[in-house]
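Student: quick one, fold the following:
(one chain, ligands or ions: 1)
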Amino acid sequence: MQMAQAFVRAGYHTVAATPHMIPGTTWMPSIDLIKTQVAGLNQTIKDEGLKLKIVSGMEIALDPQIPDLLDEGRLLALGNSSCLLIEPSFQQLPPGWEQVIFSILTKGYSILLAHPERCAQLATNLSLIDQLIESGVYLQINWGSFLGQYGRAVARTAQLLARNGCIHCLASDSHHHRGHNPARMQAATAKLRKMLSQENLQRITIENPLRVLHGETPQPMIKSGVMTEKRKKPRWRFW
Ligand SMILES: [Fe+2]
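Tutor: Modelled structure (predicted):
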């Protein structure tokens, strides 16, 4: 409930609860368990008089077992969508990851890739990010990355992605109420305002997250809306 209150204070009206799903480990919550917990939480939130809705999902570790788990009906998409929140590991993508992505997409699901800026392999080989976007994968970046929460290298990657118009959604990636407060969100927004147009900021913070939850296609950032200051010109571009 403390997290719910923090989200309300930060101006949220909807939050996707995405417990980790790590194939092959004990972190494999059932869909029934997640839905029951989310329903109970929504009831408590309502009883407390808070204006906040929790929708269910999973943060699924990118793993070769995903296609089989999908066939077995053990993976949960975000909200009322068929969009899976897929988390790359912090170091290297698993062998055969291209086939896993292809398989998920051909089964009719879309993919929102959680915090690619925190994956060392993607951050040091940005053509892979380009490849992912071209294959239809959507990118979700953490607010905290812009504030240096995960270190300077991650912050640099997040800024490059923002300046090059490669972000579809921003997310809090909250794990605890103390790490999520309005001041932190406002600080991240202030940084992003220097890089992005208001239209793009609105798109990746409000419009696209809602599109995802409603099963609609998130829209890419508007290229002309990306403000590139001369001295901060990116070294590479995706298009
Ligand atoms: Fe994550």
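Student: beta-bridge partners for residue 55, please?
Tutor: Applying DSSP bridges to residue 55 gives these bridge partners: residue 16.
Student: low pLDDT regions in the chain?
Tutor: Residues of the chain meeting the criterion pLDDT under 70: 179-180, 224-239.
Student: what is the residue nearest to the spatial centre of it paired to in the beta sheet?
Tutor: Central residue of the chain (Cα atoms, centre = their mean): residue 140, 3.3 Å from the mean position. Listed beta-bridge partners, residue 140: residue 114, residue 169 (assigned using DSSP bridges).
Student: mind checking how far it is from residue 1?
Tutor: With the distance defined as Cβ to Cβ, to the nearest Å, residue 140 ends up 25 Å from residue 1. In this view, the C-beta of every residue, glycine as well, is placed from N, C-alpha and C.
Student: same check on residue 129?
Tutor: Looking at residue 129 against residue 1, where the rule is Cβ to Cβ, the gap reads 37 Å.
Student: quick one, which of the two is more surrounded?
Tutor: Taking residue 129 and residue 1 together and counting by other Cβ atoms under 10 Å, residue 129 has the greater number of neighbours (23 against 11).
Student: helix or strand: which one has that one?
Tutor: Taking DSSP states H and E as the criterion, the element that holds residue 129 is helix 126-134.
Student: and whichever helix in the chain runs longest, what's buried?
Tutor: When the chain is scanned for its longest helix (criterion: DSSP state H), the result is helix 31-47. Neighbour-count burial for helix 31-47 flags 34, 38, 41, 42, 45 (criterion: 16 or more other Cβ atoms under 10 Å).
Student: and for it, what's in contact with it?
Tutor: With contacts defined as Cβ atoms under 8 Å, 6 or more residues apart in numbering, helix 31-47 is touched by 1, 4, 17, 19, 52-58, 73-76.
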